[in-house]
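Participant: what follows is a predicted protein model with its sequence.
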Amino acid sequence: MKTAAKELALAKAHGPNSRRVLEYSYVMKGILDGAKQPGFTNDQWAPLADLVNIEKFERVGNFLETVHWDDHYVPLLTAWAKVTDWNFEIRRLTEGSDYAIQEMHEYAQYPDRYEAYNSVSVFEFDERGKIVHLDIYLQMQMPPMASQSHQWDLEKVGAQI
């Protein structure tokens, strides 16, 4: 059964690449929801792997970390999924011949915090329609005591928070 949110998201998908991106997101959500069950293993990411060219896959994340499918991405997903409740709303989907851009509003409940943020994910596809590259970009509220040497003076630049 399709949810109303998924129906709305599908209406925003105007081509094969944006539909693949939605499939990736909803498959990930389903697996993540099941990851809290005892006995969850890396092997349970197989339905997501079916959408990916696992030999060529590369993900560049929020902190410019680069991971590949088996060696780092799947263990990273497993560790994240076991402790995180995650959900999303699709804002926009844009696509070209070998890419799709997905804009989302995401919600994540971690053991120690709740985060809501905007994300842009850029998916690149091979000639078979499998994902070979994924770039992740985030917008989020600055933590009260951000651990960086430079703090934006948001009031000085007239930013609204």
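Facilitator: Received, thanks.

Participant: and the one helix or strand residue 30 maps to, which residues are buried?
Facilitator: In this assignment (DSSP states H and E), residue 30 forms part of helix 16-34. For helix 16-34, burial by neighbour count (16 or more other C-beta atoms under 10 Å) applies to 17-28, 31-32. From N, CA and C alone the C-beta is placed, and that goes for glycine too.

Participant: can you add distance to residue 136 and pLDDT and give those residues back as CSV?
Facilitator: Formatted as CSV, the buried residues of helix 16-34 follow (distance: C-beta to C-beta, whole Å; pLDDT from 0 to 100):
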residue, distance to residue 136, pLDDT
17, 17, 94
18, 17, 92
19, 20, 90
20, 17, 94
21, 13, 94
22, 16, 92
23, 18, 91
24, 13, 96
25, 12, 94
26, 17, 92
27, 17, 94
28, 13, 95
31, 18, 96
32, 16, 95
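
Participant: now those residues as CSV including distance to residue 47?
Facilitator: Shown next, in CSV, are these (distance: C-beta to C-beta, whole Å):
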residue, distance to residue 47
17, 19
18, 19
19, 16
20, 13
21, 15
22, 14
23, 10
24, 10
25, 13
26, 10
27, 5
28, 9
31, 7
32, 12
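
Participant: of those, closest to residue 89?
Facilitator: residue 25 (10.6 Å; C-beta to C-beta).

Participant: can you pull the contacts of the closest one?
Facilitator: Contact analysis of residue 25 by C-beta atoms under 8 Å, 6 or more residues apart in numbering lists 88, 90, 102, 104.

Participant: distance-wise, check it relative to residue 100.
Facilitator: With the distance defined as C-beta to C-beta, to the nearest Å, residue 25 ends up 11 Å from residue 100.

Participant: which residues does residue 93 bridge with?
Facilitator: Legend: beta-bridge partners of residue 93 under DSSP bridges are residue 102.

Participant: any idea how far it is from residue 106?
Facilitator: 15 Å.

Participant: hmm, back to that, of the contacts of residue 25, which belong to strands?
Facilitator: Among the contacts of residue 25, DSSP state E puts 88, 90, 102, 104 in strands.

Participant: what's around the second one, how many residues?
Facilitator: Yep, that's residue 90 we're talking about. When neighbours are defined as other C-beta atoms under 10 Å, residue 90 has 22 of them.
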